[in-house]
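In: how does the following fold in three dimensions:
(chains A and B)
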There are 2 protein chains.
Amino acid sequence: MKLNSEQLCDLAVGAAFLGTGGGGNPYVGRLMVQQCLDEGLTVEIIDPKELKDDALVIPTAMMGAPTVLVEKIPSGDEAISSLRRLERHLGRTAHATMPIEIGGINSTIPLVVGARMGLPIVDADGMGRAFPFLEMETFGVYGISGSPLAISDEYGDGAIINAVDNRQMEWLARAIAIRMGGSAYIAEYAMSGADVKRTAVPNTMTLAIRIGAVLRKARAEHRNAFDALLGFLPSTLYRYGKLIFSGKMIDVHRETKNGFSIGRARIEGLAPFSSVMEIEIQNENLVARVDGKVRAIVPDLICIMNTETAEPITSEELRYGQRVTVLAVSVPEIMRSPEALDVFGPACFGLKEPFTPIEEIA
Amino acid sequence: MKLNSEQLCDLAVGAAFLGTGGGGNPYVGRLMVQQCLDEGLTVEIIDPKELKDDALVIPTAMMGAPTVLVEKIPSGDEAISSLRRLERHLGRTAHATMPIEIGGINSTIPLVVGARMGLPIVDADGMGRAFPFLEMETFGVYGISGSPLAISDEYGDGAIINAVDNRQMEWLARAIAIRMGGSAYIAEYAMSGADVKRTAVPNTMTLAIRIGAVLRKARAEHRNAFDALLGFLPSTLYRYGKLIFSGKMIDVHRETKNGFSIGRARIEGLAPFSSVMEIEIQNENLVARVDGKVRAIVPDLICIMNTETAEPITSEELRYGQRVTVLAVSVPEIMRSPEALDVFGPACFGLKEPFTPIEEIA
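Out: Here you go, the predicted structure:
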């Protein structure tokens, strides 16, 4: 499939939704891809099934605090530098690139890389949402090494990291990303086509496009966009969604610490909701509580959206006074296995509550 | 020349002297080399003149805070990992290794690498003393790139860093060293034999051995070791030395911050010295002042020594109550050129005073 401008707009919206607050600003990423389309470049998205088993796929991404990204805008060449750096290190060339997460800018960075390098982009990712840490990949959960990882900045600096495990890779790469100014561009989890089919969350890029389209069409037809979206989800791998809160943003605490955007948002309920919902953030929305009781928890999606426009709001865009509606969505089974929860379940973020599927909480 | 145990002991003392407080604990490094000698391995030190112009020389070193090193003792394999990692990256094998600084453990790490890999060690280094930052190399002053740099820890983690300049290389590598636990092992400034002859401070390893021998023999013959050393220096490239203070250590402030040992030592004068000498430390001794007036300043050597034994005291071994004598020594001309002072003169450490050669201050 060759991406067009309308699909790109839908993708930016859908990826911001799936990004559950994180993954970086989708607007910046959309402009970068639009620039490629304007130059006549092709953005070719392929189904994982189309990959040969022995094809080499090298995912590409931004790494860093979303709060930094909106002030330190990438040129697009940084991620290409990393892909080339990793190719040189491996002594092989990539047949395709792929997102590591489907969220904000990290669903569009691979599109820029693919368009500029003439590579197809695989319609899949390794998180099925966004997560703050590089080890939180279904790729790693199901046995793929993230190392060697290539990292580059806008000045031409770069590194190759070979770590003993994916957590240590994250720990070392994060240090570099911080010293590169708080955001940097990476290529990692190089793997075969067979491994993509086995370990990736499939078809999340086209899912994001479809989510964007559902919201766009509902708005155009003056239907309730939240209802439209909740009606659409059961036909996808993200089969259960629920509107869990609606109200006014009364407090946003956010700081850029250790290379992450860390914070807490408080939403005062508007009828029929009462009380206050509190959402904990580490780049992404991790847990939503009302009166101390969990209403949704990672890895399920917690999506804060503009009540009037149904636009997803990423964590760096949260502001006092916004009217917001919170949707919670179940993630695919590949992301809820015991092995998966060991890598990106609540305990991995220091949360005390166990994972409870949103459909059980509701 | 094949190093023997007596020369090794002399080297450890002489390198602690030339290390001007830094370079890491010499005792740890000496034990590592002694272990190699005990195993029957050969430590072959060669003159830079013996190098073929097209030989590949890869220096090896410890990077980190000396305060960390004494608790996190290396196995010796870490630096070998880095050398091998850099060889793989370059696609070439080293003909020799070399110290990047002549100070403490960093004058002995290359001996371990050379002994275990069967490589000669070049009798030269890139600092002519010890400095806290990797860009502070005569190699870099005279045009050699420190990148690519390989860095490894004791667990098998590693990275290759390619930076746009040597300062940025230091900045990125330091972040990795900190996350590897505060000390790590590197291979960098890979260069040709011709470049070694052009940019290195020559014969500093044998100089350290000779300094150690001068102190040892003076003690054995009950002569004044300080006089013996000051009498010996004029026959070397470090041609001017002076005893600038003697007294009692009355205050040591030292912390491990941003990957460095940062501190300040205060010495109360004993006759014929009065007043108090204050020495600023960043891994190494940077400046010595009495009543706010500079008595010696980087890059000239400021060596704090035990008054009774004439043993050099490295910065992590400074203690309240020690009786100490401070020697200042001129460094070779290659380290005092305007280009050299731009890279490791006083301003590079945030010091306000200009460089004044010790022979002018005295």
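
In: check contacts around the closest residue to chain B within the stretch 251-362 of chain A.
Out: Per C-beta to the nearest C-beta, A:Gly259 is where the stretch 251-362 of chain A lies closest to chain B, at 10.4 Å. Bear in mind the C-beta positions are built from the backbone N, C-alpha and C, glycine included. Contact partners of A:Gly259, counting by C-beta atoms under 8 Å, 6 or more residues apart in numbering or on different chains, are A:64-65, A:174, A:177-178, A:182.

In: now do A:Leu149
Out: A:Leu149 makes contacts with A:86, A:134, A:160-161, A:163, A:169, A:173, A:186-188, as judged by C-beta under 8 Å, 6+ apart.

In: closest to A:Phe273 among those?
Out: Taking C-beta to C-beta as the measure, A:Phe273 lies nearest A:Leu134 of the contacts of A:Leu149, at 35.9 Å.

In: wait, that closest one sits on A:Gly146?
Out: Yes: using C-beta atoms under 8 Å, A:Leu134 makes contact with A:Gly146 at a distance of 6.0 Å.

In: in what helix or strand does whichever residue of the stretch 151-300 of chain A sits closest to chain B lie?
Out: Nearest residue of the stretch 151-300 of chain A to chain B, counting by C-beta to the nearest C-beta: A:Ala175, 3.8 Å away. Using DSSP states H and E, A:Ala175 sits in helix A:166-179.

In: burial check on A:Glu249, number of neighbours?
Out: Actually, residue A:249 is Met rather than Glu. A:Met249: 18 surrounding residues under other C-beta atoms under 10 Å in any protein chain shown.

In: surely it touches A:Arg319?
Out: Yes: A:Met249 lies in contact with A:Arg319 (C-beta under 8 Å); the separation is 6.5 Å.

In: pLDDT (mean, whole number) over the helix or strand encompassing A:Gly231?
Out: Using DSSP H and E, A:Gly231 sits within helix A:225-232. Computed over helix A:225-232, the mean pLDDT rounds to 97.

In: from the contact counts, what lies against that helix?
Out: helix A:204-220, strand A:241-257, strand A:323-329 (3 or more C-beta pairs under 8 Å, 6 or more residues apart in numbering or on different chains; DSSP states H and E).

In: how about a cut-off of 6 Å?
Out: If you count contacts as 3 or more C-beta pairs under 6 Å, 6 or more residues apart in numbering or on different chains; DSSP states H and E, helix A:225-232 packs onto helix A:204-220.

In: name the residues that touch the helix it packs on?
Out: Identification of contacts with helix A:204-220 by C-beta atoms under 6 Å, 6 or more residues apart in numbering or on different chains yields A:7, A:10-11, A:13-15, A:17-18, A:45, A:102, A:123, A:125, A:225, A:228-229, A:232, A:236, A:310.

In: let's see that with 8 Å instead.
Out: Contacting residues not belonging to helix A:204-220 are listed as A:1, A:7, A:9-15, A:17-18, A:45, A:99, A:102, A:107, A:121, A:123-125, A:128, A:224-225, A:227-229, A:232, A:236-238, A:309-311 [C-beta under 8 Å, 6+ apart].

In: picking up where we left off before, and the angle from the helix holding A:Gly231 to strand A:323-329?
Out: 10 degrees (axes from the mean of the first three to the mean of the last three C-alpha atoms, to 10 degrees).

In: can I get helix A:225-232 as PDB, trimmed to CA atoms?
Out: What follows is helix A:225-232 as a C-alpha-only set of coordinates in PDB (Å, rounded to 0.1, in the frame of the first residue of the first chain):
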ATOM      1  CA  ALA A 225     -16.800  10.100  17.500                       C
ATOM      2  CA  PHE A 226     -16.300   8.300  20.800                       C
ATOM      3  CA  ASP A 227     -19.300   6.000  20.100                       C
ATOM      4  CA  ALA A 228     -18.000   5.500  16.500                       C
ATOM      5  CA  LEU A 229     -14.500   4.500  17.800                       C
ATOM      6  CA  LEU A 230     -15.900   2.200  20.600                       C
ATOM      7  CA  GLY A 231     -18.100   0.600  17.900                       C
ATOM      8  CA  PHE A 232     -15.200   0.000  15.600                       C
END
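
In: angle of it against strand A:241-257?
Out: Going by the same axes, to 10 degrees, helix A:225-232 makes 110 degrees with strand A:241-257.

In: just the buried residues of helix A:225-232, please?
Out: Using 16 or more other C-beta atoms under 10 Å in any protein chain shown as the test for burial, helix A:225-232 gives A:225-226, A:228-230, A:232.

In: got a list of what A:Val201 touches?
Out: By C-beta under 8 Å, 6+ apart, the contact set of A:Val201 is A:102, A:124-128, A:138, A:237, A:332, A:334-335.

In: ok, for it, nearest residue in space, not its chain neighbours?
Out: Sequence neighbours aside, A:Gly128 is the residue nearest to A:Val201 in space, at 3.6 Å (criterion: C-beta to C-beta, 6 or more residues apart in numbering or on different chains).

In: what about the one you found, how many neighbours?
Out: A:Gly128: 29 neighbours (other C-beta under 10 Å).

In: next up, the contacts around the nearest residue to the residue of the stretch 251-362 of chain A closest to chain B once chain neighbours are set aside.
Out: In space, and not counting its chain neighbours, A:Gly259 is closest to A:Ile178: 4.4 Å by C-beta to C-beta, 6+ apart. Contact analysis of A:Ile178 by C-beta under 8 Å, 6+ apart lists A:64, A:258-259, B:175.

In: by neighbours, which of these wins?
Out: Top of these by neighbour number is A:Gly64, holding 25 neighbours under the definition other C-beta under 10 Å.
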